[in-house]
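Asker: sequence first, then the predicted structure:
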Amino acid sequence: MWRSRARALLLPRSSAPSSAPPQQNPLRSLARAPPPPPRLLSRFLSSSSSSQKAPPAASPPSSSSPGAAPGSAAPPAYTGNLKKALAGLRRIDLEGLRWRVFDAKGQVLGRLASQIAVVLQGKDKPTYAPHVEAGDMCIVLNAKDICVTGRKMTDKIYYWHTGYIGHLKERKLKDQMAKDPTEVIRKAVMRMLPRNKLRDDRDRKLRIFAEGEHPFHDRPLEPFVMPPRQVREMRPRARRAMIRAQKKDQDREAKKAEGEAAKNGKAAVAA
């Protein structure tokens with residue numbers, strides 16, 4: 001009751017009620033379109049809708065399904081930590097990227113890491129630019145079977161500091177291989193990359209597995225073929241020194257054989 005009285009007091013008094021309808025603003029009658037999203041948000045939405053949605057899990061081919069090749073077997077199921085293997089994929093724009101597979105079995109650590117660093121930076125593409133992140137996804141398998149040259153397995157030491165006074169930690173390469181072999185390859189690759197803002201994005205594109213199984217069988221995988229090792233031609237002086245050393249070893253073995261034959265002959269005569 002009091003609301004109607006207050007509304008009547010606030011309304012302007014007119015001598016005669018007007019029969020014409022009140023004029024409306026023509027701009028209000030138009031339907032307003034929702035404002036466009038910000039630039040960064042639209043880019044994130046487009047990338048998430050196109051590439052970040054995980055594809056549906058492919059069912060294993062069976063004999064009853066049409067198009068299944070006879071005798072084809074389903075890829076082995078991944079038994080490792082799936083959450084760790086897929087971590088950070090939402091932040092990667094996977095559209096147009098290749099999935100390169102590296103087999104670390106029997107490969108030398110430094111040579112393999114250098115090839116992975118080249119692919120992560122996109123230096124194997126004609127469109128490479130140092131300020132553009134155009135590297136491909138890299139999947140490294142059999143990290144536990146990596147090899148090193150010389151005595152690095154026992155002599156190489158990793159150092160890190162906890163931040164407390166006197167807490168300088170160290171761990172040998174042999175112990176690190178027993179604890180987590182994937183971290184050995186990751187450290188070698190990351191120390192070959194430039195330290196800039198693209199470093200974290202390239203780290204997310206590197207997926208390392210200790211065994212030969214991985215959860216990316218539904219992706220178009222491309223095995224990476226390691227280039228042949230370039231062996232330098234030996235210099236003439238070094239070649240002559242090697243020939244002299246080989247000849248000296250042959251002479252030493254011949255003298256040793258003659259001495260053993262003479263010793264055996266004397267023993268036979270004495271008997």
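Answerer: Cool, the structure landed. Numbering: from 1, shown residues only.
Asker: and residue 269, that's in a helix?
Answerer: Yes - assessed with DSSP: H, G, I helix; E, B strand; the rest coil, residue 269 lies in a helix.
Asker: report how many residues lie close to it.
Answerer: Using other C-beta atoms under 10 Å, residue 269 has 7 neighbouring residues. C-beta here means a position set from N, CA and C on the backbone, and glycine is covered the same way.
Asker: and for residue 202?
Answerer: Neighbours of residue 202 (other C-beta under 10 Å): 22.
Asker: so it makes contact with residue 122?
Answerer: No - because the distance of 9.3 Å does not satisfy C-beta atoms under 8 Å, residue 202 is recorded as not touching residue 122.
Asker: between those two, which contacts overlap?
Answerer: The contact sets of residue 202 and residue 122 overlap at 133, 135 (C-beta atoms under 8 Å, 6 or more residues apart in numbering).
Asker: what about the helices in the stretch 101-250 of the chain?
Answerer: 109-121, 152-155, 173-179, 181-190, 199-204, 236-270 (DSSP state H, counting those that start in this stretch).
Asker: mean pLDDT lowest where, among these?
Answerer: Lowest mean pLDDT within the helices of the stretch 101-250 of the chain: helix 236-270, at a mean of 88.
Asker: quick one: that one to chain centroid distance?
Answerer: 54 Å (C-alpha atoms, centre = their mean, to the nearest Å).
Asker: likewise for stretch 86-100?
Answerer: 10 Å.
Asker: list the buried residues of that stretch.
Answerer: Buried residues in stretch 86-100, counting neighbours by 16 or more other C-beta atoms under 10 Å, are found at 89, 92, 93, 97, 98, 99, 100.
Asker: what does stretch 207-222 give?
Answerer: 207, 208, 209, 210, 214, 215, 216, 219.
Asker: per-residue confidence for the first one?
Answerer: Looking at residue 207, its pLDDT reads 95.
Asker: ok, now residue 50?
Answerer: 50.
Asker: pairing partners for the residue most central in space within the chain in the sheet, please.
Answerer: By C-alpha atoms, centre = their mean, the chain has its centre lying nearest to residue 206, at 0.9 Å. Beta-bridge partners recorded for residue 206 (DSSP bridges): residue 138.
Asker: OK, contacts around the nearest residue to residue 110 once chain neighbours are set aside?
Answerer: Nearest non-adjacent residue to residue 110, counting by C-beta to C-beta, 6 or more residues apart in numbering: residue 188, 6.7 Å away. Residue 188 makes contact with 109, 110, 112, 113 under the criterion C-beta under 8 Å, 6+ apart.
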